[in-house]
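Asker: Quick check, what structure comes out for this input:
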Amino acid sequence: MKTGLPLLSFATALLFPVSLPSADIPGASDHPLVKRITGSEIFFSKSTDFDALKLSLSKLEWIGHEAKIKPYQSATVEGKRLTHYYKLPEKIGVLETFRNYQQDLKDSGFEILHSGQGEEVETPGYNNQIAKEILKMTGSYATPEEKAHWPFQNTDEKTAAYIAAKKSTDSGEIYVSAYIVPNTHNNWLNIPVDRTLVRLDICEVKSREQRMELVRSAEMASQISLNGRIALYGILFDFDKATLRSDSEPTLAEIARLLHESPQLSILVVGHTDATGSFDYNRTLSQKRAESVVENLAAKGIERQRLFPVGVSFASPVASNTTDDGKAKNRRVELVDMAAGKVR
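Answerer: Residues are numbered from 1 along each chain as shown. Sure thing, here's the model as predicted:
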């Protein structure tokens, strides 16, 4: 087994290439593009073929008298995701670990999008918002994953550090976040107090496989006749944009066919998002996406007076926004029969 590089202070040799200490949990292995601190051990790991990763891109500032976070910059990416929780050897502190990750990511071709320690990344003393707001660590300790969350949810934010980084490769973009904290819970998961812990997330961006069967115009007509509306999942957009993806075209063609075959039908084109990000931001995004659909249908010969774009952000979920499956169900476009209603 490789032993890694010798310990040096700060930023040159503390990280070493993929190597699997015997104390790693079974089946865990490092990502080939991101090294680990020499002697680190993976105590929890999770990988998914398709998941979302939220990245903080500015400081999270808490407004005490309003009990909320000020508007901040963030991004959410989707793709193949790997999450590792590392415990480090003794006497390697948060700052040294932070500097090593910063330097090694830069040396590996990553662009640092946002990074800092303590008050540089969040207001201390307000329920650890990097863990809660960004990394969605909100459980107690009922599951193995929540047990791994616990020392990150309850740490010293004045010392904790955070990094968000991005790298473009021939096969696509890769995003990394590292949350580095001191363990303040002695022997939680058999980890001694004051050991440095790292949660490392890596997301290889890719398009979601479209698993929904194409809804034909006849089915759309039937559902609208029965329920006054239909939810569609085949209309897809570029990440965080209102640009329609090319794989939306089959569904858009079926909508145009529906409207050509039903000249009496006027519809609300309603954009829905999940609850990632602020309500106002998602309201603007969902409105622009609905407008993009209307533009596409108008270009197919549908009269504009029959099409009314509406963005409702995450005001009308069909599933819980606390799970990835629920969020996927909430991201949709709905066609709603205007019937005799008017918008003007």
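Asker: Tell me where the stretch 151-300 of the chain has helices.
Answerer: Counting by DSSP state H, counting those that start in this stretch, the stretch 151-300 of the chain has helices at residues 217-227, 249-261, 279-299.
Asker: average pLDDT for the second one?
Answerer: Throughout helix 249-261, pLDDT has a mean value of 96.
Asker: Okay, angle between it and helix 217-227 too, please.
Answerer: On the basis of axes from the mean of the first three to the mean of the last three Cα atoms, to 10 degrees, helix 249-261 is oriented at 70 degrees to helix 217-227.
Asker: Give me the contact list for helix 249-261.
Answerer: Residues outside helix 249-261 that contact it (Cβ atoms under 8 Å, 6 or more residues apart in numbering): 214-217, 220-221, 232, 234-235, 244, 265, 267, 293, 296-297, 300-302, 306, 335. From N, CA and C alone the C-beta is placed, and that goes for glycine too.
Asker: Now I224: closest residue in space, sequence neighbours ignored.
Answerer: Sequence neighbours aside, D337 is the residue nearest to I224 in space, at 5.2 Å (criterion: Cβ to Cβ, 6 or more residues apart in numbering).
Asker: what's across from that neighbour in the sheet?
Answerer: I267 (DSSP bridges).
Asker: so what's it up against?
Answerer: Residues in contact with D337 (Cβ under 8 Å, 6+ apart) are I224, G228, R229, L265, S266, I267.
Asker: Let's see that with 7 Å instead.
Answerer: Neighbouring residues of D337 by Cβ atoms under 7 Å, 6 or more residues apart in numbering: I224, G228, R229, L265, I267.
Asker: right, and the third one touches V336 too?
Answerer: Put plainly, it is R229. Yes: counting by Cβ atoms under 7 Å, R229 touches V336, with 4.5 Å between them.
Asker: Low-confidence ranges, the chain, go.
Answerer: Scanning the chain for pLDDT under 70 picks out the ranges 1-22, 207-213, 340-344.
Asker: wait, doesn't A178 sit right on T196?
Answerer: No: taking Cβ under 7 Å as the definition, A178 is not a contact partner of T196, at 11.5 Å.
Asker: Please say which of R229 and V336 ends up with more neighbours.
Answerer: The residue with more neighbours, out of R229 and V336, is V336; 19 against 14, by other Cβ atoms under 10 Å.
Asker: What are the structural domain limits within this structure?
Answerer: Domain ranges of the chain: 15-205, 217-337, per automatic domain parsing.
Asker: Centroid-nearest residue for this protein?
Answerer: Central residue of the chain (Cα atoms, centre = their mean): L53, 2.8 Å from the mean position.
Asker: Can you tell me who it pairs with across the strands?
Answerer: Beta-bridge pairing of L53 under DSSP bridges involves V77.
Asker: what's near enough to touch it?
Answerer: Counting by Cβ under 7 Å, 6+ apart, L53 makes contact with T76, V77, R81, Y175, S177, D201, C203.
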